[in-house]
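Chemist: Task: produce atomic coordinates for the following.
(chains A and B)
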Amino acid sequence: MLLPKFEYHDPGKLTEACRLMAELGQGARLLAGGTDLLVNMKKSLVRPQHVVSLGRIPELASLKKEGRRIRIGSCVNIADIAREPVISERLTALSEGALSLGSPLIRNLATIGGNIVTARPAADMPPPLIAYGAKIKLQKKGKSRTIPLDAFFTGPGSTVLEHGELLSEIMIEMPSSLSGASYIKLGVRKALEISLASAAAFIRLDSPEGRIKDARIALGSVAPTPLRSRSAEEVLLGECPSPALFTKASEEAARDARPIDDFRGSAEYRRDMVKVLTRRALDKALKRAIENQEK
Amino acid sequence: MKRLIKTNINGKVMELAVNPGQTLADLLRYELGLTGTKKGCEMGECGSCTVLMDGRPVNSCLVLAVRVDGRSITTIEGVEADSGLHPIQKAFVEHGAIQCGFCSPGMILSAKSLLEGNPSPDQVEIRTAISGNLCRCTGYQKIVEAIASVAHKGVKNE
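Modeler: Numbering: from 1, shown residues only, chains lettered A, B, ... in the order given. Prediction:
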């Protein structure tokens, strides 16, 4: 299976990549891990005249902790996200997302930025990132802006990215003590799977036996974009965690979901599963929040 | 326009002129004659084109040849030593973990990468490590047994 002809560029600097994207126009596509773009090019779904590789730009491949903030370059690959101790210990839901993406072979190539900008409703990185309140930095020639990740997606495959703009960095504030999160993906098999539904939950308590101070629920595969369930969050905020409260919140999440019928599953089944997954994700998040007291 | 790359393939440093549209799988098979790397789905789903890139298993059908500039690649041809088959290869033979053989290069490379990082994996770790490699003869059980037999302490129970 041959790739269509294209011209290849591999800038060594971010500014150069931005300049190239501005100059080359609509016929240019960015290449990060290649697990999506190259497949689509082989299938002739996209035929870019220019491919701009981000693989030689060191700042996009770095993952660093600065005080209470972690900054992840958009080209950090999924396997490195999964194996990074700061992430598995402090941002457990994100490593759960990373470990459920594709296969080990794909995880060694695919990047966190690629999983975001392709804007697939079933992508595994956005729900945990949204649950952690991640922000993303978008850059183009002469301009940069930072937006919350949950304001990025506009539909399947579409985002607020402007022409020539690229995602350079993902920023997460380290969760404080008494907070916990979890990501659960439902599929029919354990590898190389596009989820039927997924749910990420984040909660923070004001004291060990206390009330929920912060809550974010994000759902995957059940709407045209990764979806934040505000109604479920409203149910949780200011209340003491209890099984009844979590059940009520997961029912709200199921109501917020706008799933479709397709060959993977029916809308009705997906909606039911949102309820189950949200409930389980909340239970796990609470358990982790309580364990996370001393840190 | 072709580009010049420098890469280490199976321990040999090579300078190669590659086409930007050429995948690593095609470079290995058609330019270098390393046909042990198989092409199955060419979409990153079957794992038959698995090679190690800087020690990590990847689908070589999804890597542009230009991107291996400065990296090192191990294919199945680079696994065998002068003294004979690699212990993982021997185990595959001894355990009957090879039927048609199309998935074997990828399975063996995924297993090699697993065992280098984790000398005594459990069942779940072995199965996870080969979860991107499909075997259509359905020899998974024997493949898992073969990998487990090479692991230092044998395999822990599930």
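Chemist: Quick check: residue A:138 touching residue A:167?
Modeler: Yes - using CB atoms under 8 Å, residue A:138 is in contact with residue A:167, at 5.9 Å. C-beta coordinates here come from the backbone N, C-alpha and C atoms, glycine included.
Chemist: out of the two, which sits in the more crowded spot?
Modeler: Taking neighbours as other CB atoms under 10 Å in any protein chain shown, residue A:138 and residue A:167 compare with residue A:167 leading, 26 against 21.
Chemist: Quick check: the residue of the stretch 51-200 of chain A nearest chain B.
Modeler: residue A:103 (2.7 Å; CB to the nearest CB).
Chemist: What is the burial count for the residue lying closest to that residue once chain neighbours are set aside?
Modeler: By the measure of CB to CB, 6 or more residues apart in numbering or on different chains, the closest residue to residue A:103 outside its immediate chain neighbours is residue B:132, 2.7 Å from it. Counted with other CB under 10 Å, residues neighbouring residue B:132 total 25.
Chemist: again with residue A:19
Modeler: Residue A:19 is flanked by 16 other residues according to other CB under 10 Å.
Chemist: which ones are touching it?
Modeler: residue A:141 (CB atoms under 8 Å, 6 or more residues apart in numbering or on different chains).
Chemist: how about it, phi and psi?
Modeler: phi -60, psi -50 (degrees, to the nearest 10).
Chemist: So for chain A, the centremost residue is which one?
Modeler: Nearest residue to the geometric centre of chain A (CA atoms, centre = their mean): residue A:126, 1.7 Å.
Chemist: Now it: closest residue in space that isn't a chain neighbour?
Modeler: Spatially, and ignoring its direct neighbours in sequence, residue A:126 is nearest to residue A:226 (3.9 Å; CB to CB, 6+ apart).
Chemist: Give me the pLDDT for the one you found.
Modeler: Here the pLDDT value assigned to residue A:226 is 98.
Chemist: For it, list the residues it contacts.
Modeler: A:121, A:123, A:126-127, A:130, A:150, A:153, A:218-220.
Chemist: Mind doing that once more with 7 Å?
Modeler: By CB atoms under 7 Å, 6 or more residues apart in numbering or on different chains, the residues touching residue A:226 are A:121, A:123, A:126-127, A:130, A:153, A:218, A:220.
Chemist: so which of those comes closest to residue A:30?
Modeler: residue A:123 (16.5 Å; CB to CB).
Chemist: Tell me who's in contact with whichever residue of chain B sits closest to chain A.
Modeler: Nearest to chain A in chain B, going by CB to the nearest CB, is residue B:132, at a distance of 2.7 Å. Residue B:132 is in contact with A:103-106, A:191-192, B:47, counting by CB under 7 Å, 6+ apart.
Chemist: Surely residue A:148 touches residue A:138?
Modeler: No - using CB atoms under 7 Å, residue A:148 makes no contact with residue A:138, being 11.7 Å away.
Chemist: How about the contacts made by the residue of chain B positioned farthest from its centre?
Modeler: Most distant residue from the mean C-alpha position of chain B: residue B:1, 29.7 Å away (CA atoms, centre = their mean). By CB under 7 Å, 6+ apart, no residues touch residue B:1.
Chemist: Now do the SS call for it.
Modeler: coil (DSSP: H, G, I helix; E, B strand; the rest coil).
Chemist: Quick check: the gap between it and residue A:287.
Modeler: Taking CB to CB, to the nearest Å as the measure, residue B:1 falls 57 Å from residue A:287.
Chemist: element containing residue A:213, please.
Modeler: Using DSSP states H and E, residue A:213 sits in strand A:212-220.
Chemist: Could you please name the strands the next helix or strand after that strand pairs with and the direction of each pair?
Modeler: Downstream of strand A:212-220, the first helix or strand assigned by DSSP H and E is strand A:227-228. Looking at strand A:227-228 with DSSP bridges, its partner strands are strand A:212-220 (antiparallel).
Chemist: Can you tell me what sits against the strand it pairs with?
Modeler: By CB under 7 Å, 6+ apart, strand A:212-220 touches A:121-123, A:126-127, A:130-131, A:133, A:179, A:195, A:197-206, A:226-229, A:232-233, A:236-239, A:241, A:253, A:257, A:274, A:278.
Chemist: Give me the nearest residue to the residue nearest to the spatial centre of chain B, chain neighbours excluded.
Modeler: With distances taken as CA atoms, centre = their mean, residue B:109 lies nearest the centre of chain B, 3.1 Å away. Nearest residue to residue B:109 in three dimensions, chain neighbours excluded: residue B:50, at 4.9 Å (CB to CB, 6+ apart).
Chemist: cool, residue A:10 as well?
Modeler: residue A:53 (4.2 Å).
Chemist: Could you pull up the residues touching that neighbour?
Modeler: A:8-10, A:31, B:67.
Chemist: Which ones among these map onto strands?
Modeler: Counting by DSSP state E, the contacts of residue A:53 place A:8-9, A:31 in strands.
Chemist: Please identify, among those residues, the one with the most neighbours.
Modeler: Going by other CB under 10 Å, residue A:31 tops these with 23 neighbours.
Chemist: Look up how far residue A:161 lies from that one.
Modeler: From residue A:31 over to residue A:161 (counting by CB to CB), the distance is 15 Å.
Chemist: How is chain B divided into domains?
Modeler: B:3-78, B:87-150 (automatic domain parsing).
Chemist: quick one, strands of the stretch 51-200 of chain A?
Modeler: Applying DSSP state E, counting those that start in this stretch to the stretch 51-200 of chain A gives strands spanning A:63-66, A:69-73, A:135-140, A:143-148, A:153-155, A:158-159, A:166-173, A:179-186, A:197-205.
Chemist: State the distance from residue A:226 to residue B:38.
Modeler: Distance from residue A:226 to residue B:38, by CB to CB: 36 Å.
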